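> No sequence on hand, only this structure:
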């Protein structure tokens, strides 16, 4: 088992981006795992997730979901699988570690919130817009859970096909109030985005005729407008003349 290490100060709202795995030494298909180690200089709330490289909104596995943690060393283990239990190639993925102050440690009047956005808990930090999870309600500040309802895994597709994704009722969180986006990917390339979905179900009619015939990874990612994400992926077969 190999390890990844990063030092974070949650009071600075830092993010460790593109923390890459070592595929030559990490083989999930052989039952190996990877330890993601990090140090907190201060107590904070922490989110750790795995995503494809360069694909910010595709959280294929969440290991810590804005959990309160004490200062010091921490370690989480990834088994190289996505939320469905599919074994992945670590060479295509990276880990993201995010920290913010403990809830209650800071208040709205202490943060430079950007009032021009439609969600009030987006703040400006060092010139960048960042979601202030430290201000979120505990029972709503959590990753979404979604399912691709149609098509079915391994289904053969041709022509135009209806894609349907649903956010699970028990994990909608802020999505009940502000809605969510839906992004559709093939082999992790973004094909379509619907930025505003009101209800738990999103649909898109996908014209597969521009996709080469063969097996492809279909992924759908949803994100509410308070920076809580989820994705679901499956393998489908494109069969066009």
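Right, received. Where do you want to start? Keep in mind the model is a prediction, meaning the values are calculated, not measured.
> Residue 102 is in contact with residue 134, isn't it?
Yes. Counting by CB atoms under 8 Å, residue 134 is a contact partner of residue 102 at 7.1 Å. Every C-beta, even on glycine, is put in place using the N, C-alpha and C of the backbone.
> Please identify which of those two sits among more neighbours.
Counted by other CB atoms under 10 Å, residue 102 and residue 134 do not tie: residue 134 has more neighbours, with 25 against 16.
> residue contacts, the more buried one?
45, 100, 101, 102, 103, 105, 106 (CB atoms under 8 Å, 6 or more residues apart in numbering).
> rewinding a little: please enumerate the shared neighbours of residue 102 and residue 134.
Joint contacts of residue 102 and residue 134 (CB under 8 Å, 6+ apart) are residue 45.
> What residues of the helix or strand containing residue 65 count as buried?
Using DSSP states H and E, the element containing residue 65 is strand 61-69. Under the neighbour-count criterion of 16 or more other CB atoms under 10 Å, strand 61-69 has 61, 62, 63, 64, 66, 69 buried.
> Mind picking the one among those residues that's closest to residue 156?
residue 61 (27.5 Å; CB to CB).
> any idea of the pLDDT on the residue nearest to the spatial centre of the chain?
For the chain, the residue nearest the mean C-alpha position is residue 59 (2.3 Å; CA atoms, centre = their mean). In this model, residue 59 is scored at 93, pLDDT.
> Same check on the one 10 residues further on?
At residue 69, the predicted lDDT confidence score is 95.
> and it, what does it touch?
40, 43, 44, 45, 46.
> Under the pLDDT cut-off, which ranges of the chain? List them.
For the chain, the stretches flagged by pLDDT under 70 are 1-4, 17-18, 22-24, 115-121.
> okay, now the domains of it?
Annotated domains of the chain cover 2-101, 146-238 [automatic domain parsing].
> got JSON lines for those domains, with distance to residue 122 too?
As requested, the domains of the chain are exported to JSON lines (distance: least, CB to CB, whole Å):
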{"stretch": "domain 2-101", "distance to residue 122": "12"}
{"stretch": "domain 146-238", "distance to residue 122": "8"}
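> Nearest to residue 130 among those domains would be which one?
Once the domains of the chain are compared by CB to CB, domain 2-101 is nearest, at 5.6 Å.
> For that closest one, what is the distance to the chain centroid?
11 Å (CA atoms, centre = their mean, to the nearest Å).
> nearest residue to residue 101 other than its sequence neighbours?
residue 134 (4.8 Å; CB to CB, 6 or more residues apart in numbering).
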